[in-house]
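[1] Quick one, fold the following:
(chains A and B)
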Amino acid sequence: DGGITQSPKYLFRKEGQNVTLSCEQNLNHDAMYWYRQDPGQGLRLIYYSQIVNDFQKGDIAEGYSVSREKKESFPLTVTSAQKNPTAFYLCASSSIQEILNTEAFFGQGTRLTVV
Amino acid sequence: KQEVTQIPAALSVPEGENLVLNCSFTDSAIYNLQWFRQDPGKGLTSLLLIQSSQREQTSGRLNASLDKSSGRSTLYIAASQPGDSATYLCAVRPDDYKLSFGAGTTVTVRA
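    Okay, here's the model as predicted:
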């Protein structure tokens, strides 16, 4: 089945620890995105990438880092510099061809909790 | 900066009633608008995509309209069912490939 796979589903982080969230897609999409979702708020963009080995900061990139070494993979690292990391993290992908008809697809999310 | 607003934040209706969900955006320079459904603790499922040149899209009991000039979209769900209970989010795609999201409308359909 084509789709986006995020892992793990639940993740617990201790104070001062870096953790990495995985996102893999087999849709052959060029663009990949990371969003953060907090209760009662819309999704906020952390980072996005339109091509391998290139990525751009979104609206709330501080305390996060990403890499895009392969088209299929876009891992997100939540560093110890992120002071309030408890949230639901969503990965998405889309084609960048035919921009009018470009549809975004999402993974099932990773819930990160600081313990 | 594009701002997307969804009103109301929550809605409760009896089964069988039609649902009307609203989405407004501040900048009409968009490529398309997408409606999503999100169940608790889950990811987003795409429902409908409307290109900027289109006025509406339909899929089964769902119909979405777009008035780009006034910055509005409406999602209609006919003959609601308890299984329609979820949070519905709209998102617009501006010029630079990113999506801007509203906070969503949480719908409860009472049996």
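[2] And stretch A:35-55, what's buried?
    A:35-37, A:42-50, A:55 (16 or more other CB atoms under 10 Å in any protein chain shown). Every residue, glycine included, has its C-beta placed from N, CA and C.
[3] Show me what the closest residue to B:S80 other than its chain neighbours bridges to in the sheet.
    Nearest non-adjacent residue to B:S80, counting by CB to CB, 6 or more residues apart in numbering or on different chains: B:V109, 4.6 Å away. Judged by DSSP bridges, the bridge partners of B:V109 are B:V13.
[4] returning to what we had before: distance to chain B added to the buried residues of stretch A:35-55, as CSV?
    Formatted as CSV, the buried residues of stretch A:35-55 follow (distance: CB to the nearest CB, whole Å):
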residue, distance to chain B
A:Y35, 8
A:R36, 11
A:Q37, 9
A:G42, 4
A:L43, 4
A:R44, 8
A:L45, 6
A:I46, 11
A:Y47, 11
A:Y48, 6
A:S49, 10
A:Q50, 6
A:F55, 12
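[5] need the residues you listed in CSV with secondary structure and pLDDT, can you?
    Converted to CSV, the buried residues of stretch A:35-55 look like this (DSSP: H, G, I helix; E, B strand; the rest coil; pLDDT from 0 to 100):
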residue, secondary structure, pLDDT
A:Y35, strand, 97
A:R36, strand, 97
A:Q37, strand, 96
A:G42, coil, 83
A:L43, coil, 93
A:R44, strand, 94
A:L45, strand, 94
A:I46, strand, 96
A:Y47, strand, 96
A:Y48, strand, 95
A:S49, strand, 95
A:Q50, strand, 92
A:F55, strand, 96
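[6] So which residues of chain B form strands?
    Taking DSSP state E to define them, one finds strands in chain B at B:4-7, B:10-14, B:19-25, B:32-38, B:44-51, B:56-59, B:62-67, B:72-77, B:86-93, B:100-101, B:105-110.
[7] Can you lay out these as CSV showing mean pLDDT?
    Formatted as CSV, those follow (pLDDT from 0 to 100):
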stretch, mean pLDDT
strand B:4-7, 95
strand B:10-14, 96
strand B:19-25, 97
strand B:32-38, 95
strand B:44-51, 95
strand B:56-59, 96
strand B:62-67, 97
strand B:72-77, 97
strand B:86-93, 95
strand B:100-101, 92
strand B:105-110, 97
